[in-house]
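# Okay, predicted coordinates and the sequence, questions at the end:
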Amino acid sequence: MLTKKLIAAAASAGLALTLAACGGGTATPGAGGAGAGDGITIGIKFDQPGLGLKEGDAYSGFDVEVAKYVAKELGHEEGAIKWVESPSAQRETLIETDQVDLIFATYSITDKRKERVSFAGPYFIAGQGLLVRADEADIKGQDTLGGKKLCSVTGSTPAQKIKDAYPDVELQEFGTYSECLPALLNGTIDAVTTDDTILAGFAAQQQYAGKLKLVGEPFTTENYGVGLKKGDTALCEKVNAAITKMVSDGAWEAAIEKTLGAADYTPGPGNPPTPAACS
């Protein structure tokens with residue numbers, strides 16, 4: 001089980017309080033229909049162990065667990081969910097074109113993204129980290145990245161932060177994080193950078209046992225939100241209420257243990273978060 005600090009954090013966050021009303025007007029739900037009684041279409045990552053992973057017809061990970069809980073609170077059983085792969089660079093487009101109703105895909109809330117979509121949440125707070133080969137000795141954290149070759153994903157917040165803050169780093173961008181792993185293992189790149197939750201999930205996979213390690217402390221704050229149609233106030237409020245209930249009834253903590261416990265991962269400061277007013 002997680003430490004008592006998480007329980008205290010949940011209590012101090014005032015999870016039983018009524019959420020602030022979301023801003024903006026009301027829009028029609030997306031293609032899958034988010035109203036009770038209809039099916040619902042949810043975007044997730046398909047290649048992130050511990051967060052959003054598709055194996056055959058099975059879906060697993062913390063994002064998936066949160067999505068299932070929220071969907072049920074909206075009136076949709078798990079069998080009524082249509083899962084759609086949502087690569088980082090395509091998330092806004094998937095929402096804007098009504099291909100999904102909601103996105104739970106390590107989707108950091110940023111001002112730039114809020115120009116195109118609205119967010120419920122956050123439902124988790126992560127931080128950008130570094131994944132290296134087990135025998136790597138030179139990279140110990142963000143201060144040792146000079147001249148190194150890093151890999152991240154096109155359109156992701158971590159990739160942009162590297163470009164902005166570390167101009168002397170050679171950044172290789174791929175469509176998915178899983179594409180970075182072979183390049184890391186064969187020495188083509190020196191490190192993979194993204195949220196520490198994602199990196200922990202990869203490091204815990206059996207095929208990488210003893211081959212990879214996380215180094216340094218997280219050097220950003222990433223608020224994972226639920227992407228939805230811009231201005232859909234009614235849906236936003238329902239999702240926020242579901243997230244709050246998930247934390248207060250213990251299901252949030254149980255989902256962390258189920259999906260990231262094997263990676264020996266403990267959520268950082270601010271978890272579990274209280275959903276903020278929508279934008």
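On my side now, so go ahead.

# State the distance from the residue lying closest to residue 39 once chain neighbours are set aside to residue 67.
By the measure of CB to CB, 6 or more residues apart in numbering, the closest residue to residue 39 outside its immediate chain neighbours is residue 80, 4.6 Å from it. (Glycine included, C-beta is placed from N, CA and C.) Residue 80 sits 12 Å away from residue 67, going by CB to CB, to the nearest Å.

# who has more neighbours, those two?
More neighbours surround residue 67 than the other of residue 80 and residue 67, with 26 against 17 (other CB atoms under 10 Å).

# Now the host helix or strand of the more buried one: buried residues?
Here residue 67 sits within helix 62-73, counting by DSSP states H and E. Under the neighbour-count criterion of 16 or more other CB atoms under 10 Å, helix 62-73 has 62, 63, 64, 65, 66, 67, 68, 69, 70, 71, 73 buried.

# And the third one, how far from residue 70?
For residue 64, the distance to residue 70 equals 11 Å [CB to CB].

# shared neighbours of the two, which are they?
Common contacts of residue 64 and residue 70, defined by CB atoms under 8 Å, 6 or more residues apart in numbering, comprise residue 104.

# Point out where the protein drops to low pLDDT.
Counting by pLDDT under 70, the chain has low-confidence residues at 1-37, 279.

# Strands along that one, start to end?
Here the chain has its strands, by DSSP state E, at 40-44, 47-48, 52-55, 58-60, 81-85, 102-103, 117-126, 128-133, 149-153, 170-174, 191-195, 212-215, 222-229.

# would you list the ones you listed in CSV and tack on mean neighbour count?
Formatted as CSV, the strands of the chain follow (neighbours: other CB atoms under 10 Å):
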stretch, mean neighbour count
strand 40-44, 26
strand 47-48, 22
strand 52-55, 18
strand 58-60, 15
strand 81-85, 17
strand 102-103, 29
strand 117-126, 26
strand 128-133, 24
strand 149-153, 24
strand 170-174, 16
strand 191-195, 28
strand 212-215, 18
strand 222-229, 25
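
# what's the closest of these to residue 142?
strand 128-133 (7.4 Å; CB to CB).

# any residues touching that closest one, and which ones?
Against strand 128-133 from outside (CB under 8 Å, 6+ apart): 139, 141-142, 145, 157-158, 161, 184-185, 187, 190-196, 199, 202-203, 211-216, 218-220, 222.

# what does stretch 82-100 give?
So stretch 82-100 is contacted by 30-32, 39-46, 54, 59, 103, 105, 107, 113, 116-117, 153-156, 175-176, 227-230 (CB under 8 Å, 6+ apart).

# residues of that stretch that come out buried?
Neighbour count says stretch 82-100 has 83, 84, 86, 87, 88, 90, 91, 92, 94, 95, 99, 100 buried, by 16+ other CB under 10 Å.
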